[in-house]
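Enquirer: Give the three-dimensional model of this entry:
(one chain, ligands or ions: 1)
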Amino acid sequence: MTPAKTSKSPEKTDRSWTSGIAPGALPLAGHALELWRRPLEFLADLPSRGDVVELRLGPKPAYLACHPELVRHVLLNPRTFDKGGVFDKARQLLGNSLSVSRGEEHRYQRRLIQPAFHSTKIAEYTAAVGEDTRAVIGSWQAGQTRDISDTMHALLMRVAARTLFSAGVDAATIEEARHCLRIVSHGIQKRTVAPLGIMQKLPTPDNKRYDRANVRLRQIVADMVRRRQGSAEDHGDLLSTLLRAEHPETGRRLSPREVLDQVVTFLVAGSETTASTLAFVFHFLGRHPEVERRVHAEIDAVLDGRVPVFEDLPRLEYTRAVITESLRMYPPSWMSMRVAAVDTELGGRRVPSGTMVLYSAYALHHNPELFPDPERFDPERWLPDRVKDVPRGALLPFGAGSHKCIGDVLALAETALVVATIAGRWRLRPVPGSRLRPEPKATLEPGPLPMVCEAR
Ligand code: HEM
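Expert: The predicted structure follows:
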């Protein structure tokens, strides 16, 4: 008989790992109900119970890695802690694209696609983001109340379409794609967390709507890919780069089907996350006039009324700190998971092969041992003087290791360009009496965010 494969957790250095058990497990559901009803509060409480905390999702034990070094250990060892579980279910929808592929296939795809996200490329893709944003805010009126969540989703979809397909998509198609994407994103969450696939196969109105949206979204992207195939012209967008990408060793290119799967994945992974980040940033600016004043002063000094471009971003240091602090407070990717591929251990706990291991950027970011006064919005944490105090691995909005977000630089560039363009002209004030109620869905969303536009 072949002995079971095992793997060890990181060496203890100067600390002994502590472990705990999440309170309040129900007989059959375990902690599933807590995670469904009040996930953010539930998760944020767990690091106080140990570096690794056992919880139950249904009858099976699962572990939440709470200490940043243990989270890093999980994410940096994909052979031991592999993607599985919800990612396998998402495969039915996203094909075998970057975000769901594993092992050798993932390494191969990542090497092929990574150059498409090089910063020189991102400068090219984002060249029109400032202009596009200025065109959109041109129709805003002083005194008008806008739902900033919805406005940022619409704007970001336009920006994402421009980044992916340059000028190739008309406004009506962008709006249709946005509508489909919203249904698909919410549907993916339901489908990936549901224990049984049967419910999703029933011809309910909800399932039919989801299937239609999924088919239509793929059609829209497939049309774009088809129109470009065989053309040698470089349109300066992500699609051109993907169609021309070659693996550095084998020279292999992506097939049209693979390009389609990757682009749909970029839309699903990149649109709502970036749009929510933008909405949270404007929420914080509206609630913190002193921070807003500093952002305005920086933008005015760097841009002097110009539309920002990628090359301006290094000089928008404080604006970047505001974005980082917003990602700390409300990381769109608030929880993720891996599955132990072999018998292993984590922080002194035995973790049998097949066990689910969770990590939560939200729980890390709200841990007072890592971020003093964690509920305080404090962009100065990210300025050179203080950033060195942040423990390694404590900030994790884009994950880490081989599956780290490939779109992180692009997302940060898009966010900073949109913030600088809007804040250069407008001040957004919260509607009196309104409250932020973040919604932890597939991603952490801000929910409705009514704000009043004031011309600067
Ligand atoms: C603020 C915006 C964004 C946030 C917070 C975010 C967050 C993340 C996180 C946490 C992961 C790792 C998930 C895991 O390991 O379990 C990830 C992966 C990924 N993201 Fe992003 N993302 C953002 C924007 C984007 C954009 C703009 C794109 C593409 C255009 C993108 C494409 C991807 C892809 C393809 C993966 C899978 C990478 C791999 O497995 O190799 N993301 N993202």
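Enquirer: What is the burial count for the residue in the stretch 301-450 of the chain that the ligand sits nearest to?
Expert: Residue of the stretch 301-450 of the chain nearest the ligand, by Cβ to the nearest ligand atom: Gly407 (2.2 Å). All C-beta atoms are positioned from the backbone trio N, CA, C, and that covers glycine. By the measure other Cβ atoms under 10 Å, the count of residues near Gly407 is 21.
Enquirer: contacting residues around it?
Expert: Phe117, Phe266, Ala269, Gly270 (Cβ atoms under 8 Å, 6 or more residues apart in numbering).
Enquirer: Pull the most distant pair out of those.
Expert: Greatest spatial distance among these (Cβ to Cβ): Phe117 and Ala269, at 12.3 Å.
Enquirer: Comparing the two, which residue is more hemmed in?
Expert: Per other Cβ under 10 Å, whichever of Phe117 and Ala269 has more neighbours is Ala269, with 22 against 18.
Enquirer: and that one, that's in a helix?
Expert: Yes - the assignment for Ala269 by DSSP: H, G, I helix; E, B strand; the rest coil puts it in a helix.
Enquirer: circling back: got a markdown table for the contacts of Gly407, with pLDDT too?
Expert: Shown next, in a markdown table, are the contacts of Gly407 (pLDDT from 0 to 100):
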| residue | pLDDT |
| --- | --- |
| Phe117 | 93 |
| Phe266 | 93 |
| Ala269 | 89 |
| Gly270 | 91 |
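Enquirer: Restrict the residues you listed to those that also contact the ligand, please.
Expert: Phe266, Ala269, Gly270 (Cβ under 6 Å from any ligand atom).
Enquirer: The first one touches Phe165, doesn't it?
Expert: No - in this structure, Phe266 sits apart from Phe165 without contact. The criterion is Cβ atoms under 8 Å, and the distance is 11.1 Å.
Enquirer: Please say which of these two ends up with more neighbours.
Expert: The neighbour comparison of Phe266 against Phe165 (other Cβ under 10 Å) goes to Phe266, with 26 against 23.
Enquirer: residues touching the nearest residue to Tyr318 once chain neighbours are set aside, list them.
Expert: Closest residue to Tyr318 apart from its sequence neighbours, by Cβ to Cβ, 6 or more residues apart in numbering: Glu298 at 4.9 Å. Going by Cβ under 8 Å, 6+ apart, Glu298 touches Leu316, Glu317, Tyr318, Thr319.
Enquirer: quick check: mean pLDDT across the helix or strand where Glu298 lies?
Expert: Assigned by DSSP states H and E, Glu298 falls within helix 289-303. Mean pLDDT, helix 289-303: 98.
Enquirer: so how far is that helix off the chain centroid?
Expert: Centroid separation for helix 289-303 versus its chain: 26 Å, with Cα atoms, centre = their mean, to the nearest Å.
Enquirer: can you list the residues of the stretch 301-450 of the chain near the ligand?
Expert: Near the ligand, when you scan the stretch 301-450 of the chain using Cβ under 6 Å from any ligand atom, you find Pro332, Ser333, Ser336, Pro397, Phe398, Gly399, His403, Cys405, Ile406, Gly407, Leu410, Ala411.
Enquirer: sorry, that was for the stretch 51-200 of the chain
Expert: Residues of the stretch 51-200 of the chain lying close to the ligand by Cβ under 6 Å from any ligand atom are Leu98, Ser99, Arg110.
Enquirer: From the residues you listed, which one has the minimum pLDDT?
Expert: Scoring those by pLDDT puts Ser99 last, at 86.
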